[in-house]
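Peer 1: build me a structure from this.
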Amino acid sequence: MSIFPKCQTIHNYKYLFITFDRRTTKILTLFMLKIPYNYSIFFNFIDSYLSSGFLKINPNDPIILQLDELMEENDQFILVMNLTEVKIIYSSKRSMDMIGVEPSKVNPYEMMEAVHPDDIYRFGMARTKLISLDKDIYISKNGGALLSSTIKMRKPDLGFSNLLFQCYLFYSPIPKKSVYEIQIHTNVDNHKFGKSGFHYYTGNDLSLFRFPDEELLNIGPVFSDREFEIIKLIEEGLSSKQIADKLFLSVLTVNTHRSNIIKKSGKPQISDLIYDLKKQALL
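Peer 2: I've put the predicted structure just below:
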């Protein structure tokens with residue numbers, strides 16, 4: 001009997017949105033409008049291939065063909081990883097279209113190489129959090145967890161795209177005791193993020209393992225880039241005067257930021273906030 005729920009997958013349909021210059025009729029933008037689909041297909045995929053450890057994936061299997069179609073329509077690709085062995089087992093074919101790496105060559109090093117320099121720190125912290133989740137799930141031998149974040153990744157041609165990483169982790173005793181990870185990557189360039197500039201969630205609310213919508217993408221830190229910068233410097237042990245000198249700000253401005261940070265966090269003191277951010281792998 002399956003340990004994962006089977007549901008009917010809702011098909012997605014392709015639409016184009018075009019803007020153009022009225023004077024020259026030159027196309028300015030051309031992109032597909034994404035239509036939400038049911039993520040239950042990923043549980044069906046797990047149910048079909050878990051017994052082989054995801055090593056015998058048939059490219060002509062109707063589930064794989066359907067996944068490939070959905071990935072194409074929604075600018076996505078999927079990875080399967082054995083976290084316990086730190087090994088990528090499977091990548092769908094659109095990895096080449098999205099990050100310029102052939103499916104057979106996708107590995108942790110290539111993924112790190114594709115990350116924008118500004119997001120390397122957050123990407124590294126997310127990997128650290130995944131290792132911690134792997135340990136906790138493996139020890140308990142039960143349950144699952146979710147980590148999702150947006151990371152800027154290199155495009156095959158020029159520039160970078162903002163990709164949503166949705167990492168679903170679960171334990172399985174078959175074919176051998178391991179924690180597996182299903183990692184879905186979605187292009188979210190068209191979403192406007194808040195002050196923090198990125199989405200981030202880690203926890204056990206698997207209702208958030210779904211097709212990305214505005215509500216999901218707006219989950220994340222409430223702090224601005226400047227506030228995060230000050231939090232990091234406080235965590236390093238710098239005083240307000242030292243932070244002011246380093247950032248070319250007045251001490252009054254730094255103290256105002258500190259006060260706002262405490263108000264936003266709802267914590268009695270900054271050390272409590274720093275503890276929570278470290279636990280979430282944001283520091």
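
Peer 1: what helix or strand does the nearest residue to residue 188 once chain neighbours are set aside sit in?
Peer 2: Spatially, and ignoring its direct neighbours in sequence, residue 188 is nearest to residue 164 (4.8 Å; Cβ to Cβ, 6 or more residues apart in numbering). All C-beta spots, glycine's among them, are computed from the backbone N, C-alpha and C. Taking DSSP states H and E as the criterion, residue 164 maps to strand 160-172.

Peer 1: what's the separation between the closest residue to residue 170 other than its chain neighbours and residue 51?
Peer 2: Taking Cβ to Cβ, 6+ apart as the measure, residue 170 lies nearest to residue 144, with 4.0 Å between them; neighbours along the chain are not counted. Residue 144 sits 18 Å away from residue 51, taking Cβ to Cβ, to the nearest Å as the criterion.

Peer 1: give me the more crowded residue out of those two.
Peer 2: Taking neighbours as other Cβ atoms under 10 Å, residue 144 and residue 51 compare with residue 144 leading, 17 against 12.

Peer 1: so how far is the longest helix seen in the chain off the chain centroid?
Peer 2: The helix spanning the most residues in the chain, taking DSSP state H as the definition, is helix 120-140. With Cα atoms, centre = their mean, to the nearest Å as the basis, the distance from the averaged C-alpha position of helix 120-140 to the chain average is 13 Å.

Peer 1: next helix or strand past that helix?
Peer 2: Moving toward the C-terminus from helix 120-140, the next helix or strand (DSSP H and E) is strand 144-154.

Peer 1: now that next one and strand 160-172, what's the angle there?
Peer 2: Following axes from the mean of the first three to the mean of the last three Cα atoms, to 10 degrees, one obtains 160 degrees for the angle between strand 144-154 and strand 160-172.

Peer 1: pLDDT (mean, whole number) over strand 144-154?
Peer 2: Here the mean pLDDT over strand 144-154 is 96, rounded to a whole number.

Peer 1: and the pLDDT for the residue nearest to the spatial centre of the chain?
Peer 2: Central residue of the chain (Cα atoms, centre = their mean): residue 165, 2.2 Å from the mean position. In this prediction, residue 165 carries a pLDDT score of 97.

Peer 1: ok, now which ones touch it?
Peer 2: Residue 165 makes contact with 126, 147, 148, 149, 150, 151, 183, 184, 185 under the criterion Cβ atoms under 8 Å, 6 or more residues apart in numbering.

Peer 1: which residues of this structure fall in strands?
Peer 2: Across the chain, reading from the start of the chain, the strands by DSSP state E fall at 15-20, 27-33, 76-82, 87-91, 144-154, 160-172, 178-187, 200-203.

Peer 1: tabulate those strands (a markdown table), appending distance to residue 107.
Peer 2: What follows is those, written out as a markdown table (distance: least, Cβ to Cβ, whole Å):
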| stretch | distance to residue 107 |
| --- | --- |
| strand 15-20 | 34 |
| strand 27-33 | 29 |
| strand 76-82 | 10 |
| strand 87-91 | 6 |
| strand 144-154 | 15 |
| strand 160-172 | 16 |
| strand 178-187 | 13 |
| strand 200-203 | 23 |
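
Peer 1: name every strand pairing with the strand holding residue 164 and say which way it goes.
Peer 2: According to DSSP bridges, strand 160-172 has the following sheet partners: strand 144-154 (antiparallel), strand 178-187 (antiparallel).

Peer 1: and these as a markdown table, adding distance to residue 110?
Peer 2: Below are the strands paired with strand 160-172 laid out as a markdown table (distance: least, Cβ to Cβ, whole Å):
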| stretch | distance to residue 110 |
| --- | --- |
| strand 144-154 | 10 |
| strand 178-187 | 13 |
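
Peer 1: where's residue 196 relative to residue 184, distance?
Peer 2: Taking Cβ to Cβ as the measure, residue 196 falls 22 Å from residue 184.

Peer 1: looking at those two now, which is surrounded by more residues?
Peer 2: Neighbours of residue 196 and residue 184, each counted by other Cβ under 10 Å, are more numerous for residue 184; the result is 23 against 16.

Peer 1: quick one on the thing from earlier: check the offset of the strand holding residue 164 from the chain's centre.
Peer 2: 4 Å.

Peer 1: that older thread, of all the strands paired with strand 160-172, which one is nearest residue 201?
Peer 2: Proximity to residue 201 (Cβ to Cβ) singles out strand 144-154 among those, at 5.0 Å.
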